[in-house]
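Peer 1: sharing a sequence plus its predicted fold:
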Amino acid sequence: MTERIDDQGSAFAAALRAAISERGITLARLRSQLIDDGNPVSMATLSYWRSGDRQAEGAQSLSVVDGIEDHLGLDRGHLGALLRTPTRLGPVAPPRLPFDEEREQRETEETLKELRAAPQDALRDLSTHVTVFVGASGAVESVIMRCLVQSTKGTISEVPLIDVAPIETDVMSVISDVVGGRVDREYLHPGRLLSGVVIALDEPIETGETTLFEFTETFPAGYPPRQSAWHATSRPARESLVWVRFHPDALPSWCEEYVETEDEYSSSMRPVHSGSVHLVQHGFGPGVLGIRWGYDE
């Protein structure tokens, strides 16, 4: 989570000390706020960062830095930009398909091959926000996804995306309104359960650089109704957020969140306040975050 640093990293520590002093907040209070946000961190770690003895490293630590910036009223990147580039990048674990079913794993690999998708072993998922809009019928009408990614080595010019339909179908979801890129290739697997697209980035990114892209996914006539929303990641991500917003005439009778990894599965019922529900994880992956809902007669 942390790494010993030399004088080059002292700028981060100095900026952190200054921000804490100006805010008039104690480390204990800051730690409590971070934990409340789902960013667990120890007092020792915060103390090391403030003194400059160690520096943030890894997906979970970088998520904590983002949280510190928010609670100290700093612009995003104010502290993170002062971290040494090699340390900020850190090692990226090889991507692992997050699907448990043998069929889904096999057909995902086949879909990526047909799409001629570039290897993603140098891609770091920094932040993914999935906003899901549920229509009056109770089924998903559209999804807006915003992704912040980083290259850890070499050039990244495209990003592949996989969709798994609720049941087999001859109809693909439609990706449109892409900002920061364009749909370059798409493919519906013969099994009729999985499909994929490749988004070509407007500007390829080099080692250490980031890019932000956004798109809208809609479901045309003939696509099976979906009463669930999920986000799958094949590697640890700094922040993953799924936010489901229900039509006022389609508030569900029940709502459940679930978190699935290679080693465990957990779920819990969730109340729907103000017509929406969200699920957020920091440093999560590989795995699947999801929300499902339903209606009594």
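Peer 2: Thanks, I have the structure now.
Peer 1: going along the chain, name the strands of the stretch 1-150 of the chain.
Peer 2: 2-4, 54-56, 123-134, 140-151 (DSSP state E, counting those that start in this stretch).
Peer 1: tell me the contacts of Phe246?
Peer 2: Listed by Cβ atoms under 8 Å, 6 or more residues apart in numbering, the contact partners of Phe246 are Val134, Pro252, Val272, Gly275, Ser276, Trp293. All C-beta atoms are positioned from the backbone trio N, CA, C, and that covers glycine.
Peer 1: still on that earlier bit, can you tell me which of the strands of the stretch 1-150 of the chain is nearest to Ala15?
Peer 2: Across the strands of the stretch 1-150 of the chain, Ala15 has its closest neighbour in strand 54-56 (12.0 Å, Cβ to Cβ).
Peer 1: residues near Ala117, how many?
Peer 2: 19 (other Cβ atoms under 10 Å).
Peer 1: how about it, nearest residue that isn't a chain neighbour?
Peer 2: Spatial nearest neighbour of Ala117, chain neighbours left out: Pro160 (3.9 Å); criterion: Cβ to Cβ, 6 or more residues apart in numbering.
Peer 1: and that neighbour, which helix or strand is it part of?
Peer 2: Following DSSP states H and E, one finds Pro160 within strand 156-164.
Peer 1: now the angle between strand 140-151 and that strand, please.
Peer 2: 150 degrees (axes from the mean of the first three to the mean of the last three Cα atoms, to 10 degrees).
Peer 1: can we start the residue count at 67 from this point?
Peer 2: Taking 67 as the first residue, the last one we looked at is strand 222-230.
Peer 1: helix or strand right after strand 222-230?
Peer 2: In N-to-C order, the element after strand 222-230 by DSSP H and E is strand 240-245.
Peer 1: list the contacts of the next helix or strand after that next one.
Peer 2: Once strand 240-245 ends, the next helix or strand along the chain (criterion: DSSP H and E) is strand 247-254. For strand 247-254, the surrounding residues in contact (Cβ under 8 Å, 6+ apart) are 177, 180-182, 224-225, 236, 238, 241, 261-268, 279, 281.
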